[in-house]
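**Q** 3D, please:
(2 chains)
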Number of protein chains: 2
Amino acid sequence: SASSIIKQRSATWLRQTNDITLYVSKAAAKTQMEFEYDGPSMKTEVPGPRSKELTKQLGEIQNVGAINFFCNYEESRGNYLVDVDGNRMLDVYTQISSIPIGYNHPSLIKSAFVNRPALGIMPPENFPEKLAESLLSVAPSGMSRVQTMACGSCSNENAYKAMFIWYRNKERGHNIPSDEDVSSCMINQSPGCPDFSILSFMGGFHGRTMGCLATTHSKAIHKLDVPSFDWPIAPFPKLKYPLEEFTRENAQEEARCLEEVEDLIVQWRQKGRPVAGIVIEPIQAEGGDNHATPDFFKKLRNIAHKHGSAFHVDEVQTGGGATGKFWAHEHWGMDDPADIVSFSKKMLTGGFYHKDELQAYRIFNTWMGDPSKNLFLAEVLNVIRRENLLEEVTRSGKTLLQGLYQLQDQYPNLLSSARGQGTFCAIDIRDDATRNSILLKARDKGKTHYSHTDGLIGICPCTNTQPTHTDMDG
Amino acid sequence: SASSIIKQRSATWLRQTNDITLYVSKAAAKTQMEFEYDGPSMKTEVPGPRSKELTKQLGEIQNVGAINFFCNYEESRGNYLVDVDGNRMLDVYTQISSIPIGYNHPSLIKSAFVNRPALGIMPPENFPEKLAESLLSVAPSGMSRVQTMACGSCSNENAYKAMFIWYRNKERGHNIPSDEDVSSCMINQSPGCPDFSILSFMGGFHGRTMGCLATTHSKAIHKLDVPSFDWPIAPFPKLKYPLEEFTRENAQEEARCLEEVEDLIVQWRQKGRPVAGIVIEPIQAEGGDNHATPDFFKKLRNIAHKHGSAFHVDEVQTGGGATGKFWAHEHWGMDDPADIVSFSKKMLTGGFYHKDELQAYRIFNTWMGDPSKNLFLAEVLNVIRRENLLEEVTRSGKTLLQGLYQLQDQYPNLLSSARGQGTFCAIDIRDDATRNSILLKARDKGKTHYSHTDGLIGICPCTNTQPTHTDMDG
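**A** Sure thing, here's the model as predicted:
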């Protein structure tokens, strides 16, 4: 059974750990040191001539508005990204939060996968074992089921569908559609396609396909010109940092937002668009690194329970260890944190965990993910455990946050609201111009590689929030 | 420039062809023969004991309702799929139309890709060259731009977004949003999120995310319980086969459908939901292998032009060579067949080609596809060219269709409407029970591997259409 596989794997892992840790850890540290570059190294302006040439070439085929430069992935190592002009820069953003343990980690297996199976109908023999070894071994509390998907947007879209199906079956009392359900759904009409909604939060980001986009409210540029759904949008708490110093004000702000959530659920039920699910990020990442307290999330979870809505925690950006725990929601300390937890990016494969009752029997597509990514993930998880990387994230995150506190004390007119969990840290900079100038200077020293001065694409660092912020996730 | 890369690549390819074809072709044929199995070989019932055991294991983690059996991909070769119990079966369906040149083709490169880049911001150095060598080298007529995506649904979702953005800019006369556009879109409201629609066809299948799902009308099981958009749905022609024998009736049927398309465009414009784009498959695959004539598609293309709607040809299922041409729409013989052509499955990567004016500047996500799949695709295209596989598809497709004609002459009460292009062939079987019985007998001889007896997942062969049909795409 899968649980026996897990036990067996855990036993193997423990034995390996006992046997090997003592003599491997020093060797690994040494290899790691030799393997990593000792600092940034800048040869040209960025983008350099080769990047410019390639951007021009690619511009004849695709839009290149978001491209910083072209990369030499073979030469990139650890936290250092090397571009095609030989510039070596510290990668504080891990692409778009999507590189879990740096570039070319020596432990990553080298394998070829020439036959990509349709996982939902004909999986390979080792698939249950590899799932147990990778995704199940880090399953959130209370969840033993997981569905793989190709990307973050597909993960959330399918999680929403699972919540809609679950809600409708609850409403019906069974899962047998009526003739009217069947005929009306074929032409996009209710009751077959019911007027259900997902409640989301202002500032949230959950992806760019049309279902996800109806719950994304971080920047206009993502949503503009695309038809959407009339779904409720609640305010996300605007807290003061550091959280410990503003306990009372922040508690009031969170209470205001929770009250609004309940009001919206009632309103939307009254107008015939009941809230089948609530979706939220543990830290609003793309929307400006906005935090809330564990108390807020616990109460929100309770509101979902009370009103019969599913509770979906979107960990696409926060999952994988950057907060110092494997999942950011672990900081809430709950046994039953969610009904659905979605992931992608650093997890290398998309997908979602779900509770038993959110059966996803009709959740299906051709590829349902890519088993090659599970193999990479299994290896990444081994490295995270073997090298105690979560402890390392907590340790170095504290150093990073202390540094940010010092900087904001030193430059109180420029910097404010330093905040973070693990290395998922952020600070607000007075205005866009100052932010861009700081980023550009850091980039020219190879201490970061982002230098966006427009917000058209809307990737981190964000530019539509005032004061603007710089995040340092990863 | 990209075009010089193409020329250079073409030159290289031509030279290689001249140099190598003579002495490689015989060797390749020999290797291919040795490499392929000579027939099916059945050891156990299907699913066998090992498949059953693994299905039970995976059932504790995921839904397994659609799983036929588990596969041994290492042992699978060419058109023969080997399961974990050692049964060797002819794979007439190529997974879900997604294996372009069979299993473990010896030409497929073996490479590892441990750093998956965020392609939209930091592509690898060889990306423009690999795009030119792979996707651009098979670009549809009139299109020189392509955007990669992770899967078929994401490809269509983003193609729809490109059409919406294009239509809105056309309506505005420029691409600068008003303050009202910006503020209203953040809360999902018009005019920022305009009430535009996509016109689709009854029987069409375009994917399962919420935007795609609003244009999918093949089976209720895909759509049930998921909220949707009020978008127009036109009838797809119900033709009589063989097409040559029913020219007049079929022309009348196509005229009726085209008239309905124009009526719907006018109606939806009048109710404030103008049709920004029309989406159609060249052969409705999942919906029952429904064909239409080149004349129908030409006239539909003209209607789109006339009403200012974009024309999107979804080649996710039909692209990659199974119809005897690389794209099924090439059978229409048009210089300007479409504004957008989307693909996935056999192309190994998702994505869409588009005309210059459908600029996709705001089409963006984290991964934007996976460059490792482009490398596989480049190699697949080399094989298709080197081994003249399109000619082979045409030749063997004729043999297959002749066989189907003979069978339906022999069993006129059981079989009807044999049809196809290339090896993308289908035949209708009298009813579900007969269809299932035929499939099961064929499967037990290893002559196919599908034996679905329920339609809950709705993969091919389809079960919700009467008479039911069996397709043999691939």
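**Q** Could I get the pLDDT score of whichever residue of the stretch 351-474 of chain A sits closest to chain B?
**A** Closest approach between the stretch 351-474 of chain A and chain B, counting by CB to the nearest CB: residue A:366, at 4.5 Å. Quick note: C-beta positions are derived from backbone N, CA and C, even for glycine. We have a pLDDT of 79 for residue A:366.
**Q** Same check on residue A:449?
**A** Reported pLDDT for residue A:449: 70.
**Q** give me every residue that touches it.
**A** Residue A:449 is in contact with A:46, A:68, A:69, A:81, A:83, A:89, A:90, A:91, A:93, A:443, B:122, counting by CB atoms under 8 Å, 6 or more residues apart in numbering or on different chains.
**Q** Need phi/psi at the second one.
**A** So that's residue A:68. Note on residue A:68: backbone dihedrals following degrees, to the nearest 10 are phi -80, psi -50.
**Q** can you check the fourth one too?
**A** Residue A:81 adopts backbone torsions of phi -100, psi 130, taken as degrees, to the nearest 10.
**Q** Look up which residues are beta-bridged to it.
**A** residue A:89 (DSSP bridges).
**Q** Around it, count how many other residues there are.
**A** For residue A:81, the neighbour count with other CB atoms under 10 Å in any protein chain shown is 32.
**Q** correct me, but it touches residue A:92?
**A** No: between residue A:81 and residue A:92 there is no contact under CB atoms under 8 Å: 9.9 Å.
**Q** okay, the contacts of residue A:449 in TSV with distance to residue B:336 and pLDDT next?
**A** Below are the contacts of residue A:449 laid out as TSV (distance: CB to CB, whole Å; pLDDT from 0 to 100):
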residue	distance to residue B:336	pLDDT
A:46	40	87
A:68	35	81
A:69	36	85
A:81	42	87
A:83	39	89
A:89	44	86
A:90	48	86
A:91	44	82
A:93	42	74
A:443	44	81
B:122	35	72
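**Q** which of those lies closest to residue A:428?
**A** For the contacts of residue A:449, the residue nearest residue A:428 by CB to CB is residue A:93; the value is 17.1 Å.
**Q** now residue A:277, what's its secondary structure?
**A** Three-state assignment for residue A:277 (DSSP: H, G, I helix; E, B strand; the rest coil): strand.
**Q** Quick check: mean pLDDT of the strand or helix carrying residue A:296?
**A** If you go by DSSP states H and E, residue A:296 is part of helix A:294-307. Averaged over helix A:294-307, pLDDT sits at 98.
**Q** For that helix, what is the distance to the chain centroid?
**A** 21 Å (CA atoms, centre = their mean, to the nearest Å).
**Q** Which neighbouring elements make contact with it?
**A** With contacts taken as 3 or more CB pairs under 8 Å, 6 or more residues apart in numbering or on different chains; DSSP states H and E, helix A:294-307 sits against helix A:247-270, strand A:275-280, strand A:310-314.
**Q** Could you identify which of those is most buried?
**A** Among the helices and strands packed on helix A:294-307, strand A:310-314 has the highest mean neighbour count (mean count of other CB atoms under 10 Å in any protein chain shown), at a mean of 28.
**Q** Can you list the strands that the very next helix or strand once past it pairs with?
**A** Later in the chain than strand A:310-314, the nearest helix or strand by DSSP H and E is strand A:340-343. If you go by DSSP bridges, strand A:340-343 pairs up with strand A:310-314 (parallel), strand A:350-354 (antiparallel).
**Q** tell me, what residue is most central in chain A?
**A** residue A:317 (1.5 Å; CA atoms, centre = their mean).
**Q** So residue A:254 versus residue A:297, what's the distance?
**A** Going from residue A:254 to residue A:297 by CB to CB, to the nearest Å gives 10 Å.
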